[in-house]
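Asks: next one to model:
(chains A and B)
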Amino acid sequence: EAQVTQNPRYLITVTGKKLTVTCSQNMNHEYMSWYRQDPGLGLRQIYYSMNVEVTDKGDVPEGYKVSRKEKRNFPLILESPSPNQTSLYFCASSLSGRTRGETQYFGPGTRLLVL
Amino acid sequence: GNSVTQMEGPVTLSEEAFLTINCTYTATGYPSLFWYVQYPGEGLQLLLKATKADDKGSNKGFEATYRKETTSFHLEKGSVQVSDSAVYFCALSDRGNQGGKLIFGQGTELSVKP
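Replies: So this is what the prediction gives:
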């Protein structure tokens, strides 16, 4: 089954404790990205990747890191989480990121609480 | 910059009622427009899309028409069901150098009562 998976689905942590949220897709997509969803703000892009070893900032990159060492995986790293990073996080992928009207496929989400 | 504005929710309807969720956008160039749906506890999934002016996207009884003159992409359904209860997001993408980035509206929660 074609899908985007994320782990963990739920995470409670404390300020400053490094964490990684994994994302994997099995559709051989080149384009992957991370969004955060906050009430009243919709989804906002954090980082994106056009292909292996090619990453760039989205609209809200502060406090986050990413890496793309393999095509299928795109982990999101919070090196020193803070309470304002409490949010619902979604990973997404699409075929190339270059085609008009391209459909993006979303993971099930990771709900993060930073105390 | 580009932006999307949706009508505020929550929207509560009785089963078989007519649904309209308004969406307007601001964009340079000629964006593609999307409606995504998020069912409780799940990720977003594409509901329908339109890539040029006057295109109509449709799926599962939902429709939306790309209106360039009014910069709108309103979502409609003639008869809603309880299973349509979800959060609906309007979004746009353009062909700028940020690849496949989607710009989302704030989401509209729909609750359908039996």
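
Asks: residue A:90 - nearest residue in space that isn't next to it in sequence?
Replies: Nearest residue to residue A:90 in three dimensions, chain neighbours excluded: residue A:35, at 4.7 Å (C-beta to C-beta, 6 or more residues apart in numbering or on different chains). Backbone N, C-alpha and C define where each C-beta goes, glycine included.

Asks: helix or strand: which one has that neighbour?
Replies: Following DSSP states H and E, one finds residue A:35 within strand A:31-38.

Asks: what about dumping the CA coordinates of that strand to CSV?
Replies: Output of strand A:31-38 as CSV, limited to C-alpha atoms (Å, rounded to 0.1, in the frame of the first residue of the first chain):
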residue,chain,number,x,y,z
TYR,A,31,9.8,15.7,-3.0
MET,A,32,9.2,15.6,0.8
SER,A,33,8.3,18.2,3.3
TRP,A,34,7.3,18.9,6.9
TYR,A,35,4.4,21.0,8.0
ARG,A,36,3.1,22.0,11.4
GLN,A,37,-0.6,22.5,12.1
ASP,A,38,-1.7,25.0,14.7
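
Asks: relative to strand A:31-38, how tilted is the very next helix or strand once past that strand?
Replies: As assigned by DSSP H and E, the chain's next helix or strand after strand A:31-38 is strand A:42-51. Angle, strand A:42-51 to strand A:31-38, by axes from the mean of the first three to the mean of the last three C-alpha atoms, to 10 degrees: 160 degrees.

Asks: distance check, residue A:52 against residue A:91.
Replies: From residue A:52 across to residue A:91, the span is 16 Å (C-beta to C-beta, to the nearest Å).

Asks: and these two? Which one has more around it.
Replies: residue A:91 (28 against 14; other C-beta atoms under 10 Å in any protein chain shown).

Asks: and chain A, which of its residues are near chain B?
Replies: Within chain A, the residues that sit near chain B (C-beta under 8 Å from any C-beta of the partner chain) are A:4, A:31, A:33, A:35, A:40-45, A:48, A:50, A:56, A:58, A:90, A:92, A:94, A:96-98, A:100-104, A:106-109.

Asks: and residue A:57, what does it touch?
Replies: For residue A:57, the contacting residues are residue A:47, by C-beta atoms under 8 Å, 6 or more residues apart in numbering or on different chains.

Asks: kindly report the same for residue B:101.
Replies: Residue B:101 is in contact with A:33, A:45, A:48, A:58, B:93, counting by C-beta under 8 Å, 6+ apart.

Asks: pLDDT of the strand holding residue A:35, averaged?
Replies: Averaged across strand A:31-38, pLDDT comes to 96.

Asks: now for it, which elements pack on it?
Replies: Applying 3 or more C-beta pairs under 8 Å, 6 or more residues apart in numbering or on different chains; DSSP states H and E, one finds that strand A:31-38 contacts strand A:19-25, strand A:42-51, strand A:87-94.

Asks: who does the helix or strand that comes right after the second one pair up with?
Replies: Stepping forward along the backbone from strand A:42-51, the first helix or strand reached (DSSP H and E) is strand A:54-57. Using DSSP bridges, strand A:54-57 pairs in its sheet with strand A:42-51 (antiparallel).
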